[in-house]
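Asks: structure of the sequence below:
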Amino acid sequence: MNQVSISRRDALRTTAGGILTATLGQHAVAHQPPKNSGLIDVHMHIVGSRLPGVPVADNDPVRLGPFAKDDLQGPQRLAQAIQDQAKRANVEQALCMPRMEISDQDPLGISETLKQAKLLTGIKIHPIGLAHPERFDRDHLARVEEILKQGQVKGFKAYLGYLHYDATHLGYRAYYKLAAKYNLPVILHTGDTYSKTAKVKHAHPLQMDELAVDFPDTKFVLAHFGNPWVLDAAEVAYKNKNVWVDISAILIGDQAYFEKMEQTGVVERTIKRIREGIEFTEAPEKFLFGSDWPLAPVDVYRDFVRRLFPEEQHAGVFSANAKGLFGL
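Replies: Okay, here's the model as predicted:
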């Protein structure tokens, strides 16, 4: 029997349509929100990441979010799209990833996130600061610590793979120590990337076991569950009490693409594979909902994540686990 082949890479080209459709209120399928209210999305991009090798486009920033060449062309329209996504998915709080763009005035790459956040209503934005492996000099770290003292960020993000440094590199270690000092989790990109220049060996989740052992007072989050090395990531989370899992971007694409993946069995096969990893950890309290918007409409991705966990675990995965970990 012939089967339609679906490429995760192709999904990047289809994501835009779903975001715009959602913004215009033209969903073909009604999505039922989880019974618990006030969802927390621990992985969103509301400004461009500016990561090396990540594709950008000239078209509408509302449609492509961080993949637009200049997401500041239409901040009001982008704000409306974010608000629409949050309302549809019942998301009240979101952790937003930083830009790979820092300065003495903005040592953590959060200034554009803060500007965009001021335009938003109905959703509370928490910036995540950039852990830059090339900037660990004393002066830079002093500027970083001043931001931490002000409570402006809820954690650090290490763009492993996109940047060609192991998670154990000296340049990252100072950030892990600061994270422990200020009780801030470190979100680590693990697994596949969306950059042709990335080196995925730097993002393999088994590396993170070394971090968890060497920095027992630091809390680490494995973004994307290390996909496709899900069982490796599961072992790291199972073994180490200071490791959590962000379940974002396991599947990507707009609503129509998700429907196509449903019809061809991709969704069901993925659910089976991810559930195996979840069960291996024996710790559903370590899992966090994240959409990685705009790689998928938030409500569509929410409904996918609901199927990964039994209903009695939804309150934790969609809210309580994040509240406890990030102090929200």
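Asks: doesn't residue 125 make contact with residue 117?
Replies: Yes: shown here, residue 117 and residue 125 form a contact pair, counting by Cβ atoms under 8 Å, at 3.8 Å. The C-beta positions use only the backbone N, C-alpha and C, and glycine is treated the same way.
Asks: now do the shared contacts for those two.
Replies: 46, 96 (Cβ atoms under 8 Å, 6 or more residues apart in numbering).
Asks: tell me the gap between stretch 94-101 and the middle of its chain.
Replies: The chain centroid and the centroid of stretch 94-101 are separated by 9 Å under Cα atoms, centre = their mean, to the nearest Å.
Asks: export that stretch as PDB, just CAs?
Replies: Taking Å, rounded to 0.1, in the frame of the first residue of the first chain, the C-alpha atoms of stretch 94-101 are listed here in PDB:
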ATOM      1  CA  ALA A  94       4.700  32.100  28.300                       C
ATOM      2  CA  LEU A  95       8.500  31.800  28.500                       C
ATOM      3  CA  CYS A  96      10.000  33.500  25.400                       C
ATOM      4  CA  MET A  97      13.400  32.600  23.900                       C
ATOM      5  CA  PRO A  98      16.100  35.200  23.500                       C
ATOM      6  CA  ARG A  99      17.800  36.600  20.400                       C
ATOM      7  CA  MET A 100      21.300  35.600  19.500                       C
ATOM      8  CA  GLU A 101      22.100  39.300  19.600                       C
END
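Asks: list the buried ones in that stretch?
Replies: Residues of stretch 94-101 classed as buried: 94-101 (neighbour count, 16 or more other Cβ atoms under 10 Å).
Asks: stretch 84-92 too?
Replies: For stretch 84-92, burial by neighbour count (16+ other Cβ under 10 Å) applies to 84-86, 88-92.
Asks: can you check stretch 198-212 too?
Replies: Neighbour counts over stretch 198-212 (16+ other Cβ under 10 Å) mark 198, 200, 202-205, 207-209, 211-212 as buried.
Asks: extract the CA atoms of that stretch and return them as CSV.
Replies: Taking Å, rounded to 0.1, in the frame of the first residue of the first chain, the C-alpha atoms of stretch 198-212 are listed here in CSV:
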residue,chain,number,x,y,z
ALA,A,198,24.3,23.5,12.9
LYS,A,199,26.2,20.5,14.2
VAL,A,200,23.8,18.2,16.0
LYS,A,201,26.6,16.4,17.9
HIS,A,202,26.7,19.4,20.2
ALA,A,203,22.9,19.0,20.9
HIS,A,204,22.9,15.2,21.7
PRO,A,205,21.0,14.8,25.0
LEU,A,206,23.6,12.3,26.5
GLN,A,207,26.0,15.2,27.0
MET,A,208,23.5,16.7,29.5
ASP,A,209,24.1,13.8,31.9
GLU,A,210,27.6,15.2,32.5
LEU,A,211,26.1,18.7,33.2
ALA,A,212,23.6,17.3,35.6
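Asks: which parts of this protein are helices?
Replies: In the chain, the helices defined using DSSP state H lie at 8-23, 61-64, 75-89, 111-117, 138-149, 170-181, 207-214, 230-239, 255-263, 266-281, 298-306, 314-315, 321-326.
Asks: who wins for proximity to residue 288 among those?
Replies: Checking the helices of the chain against residue 288 by Cβ to Cβ gives helix 321-326 as the closest, at 5.2 Å.
Asks: I am finished for the moment; much appreciated.
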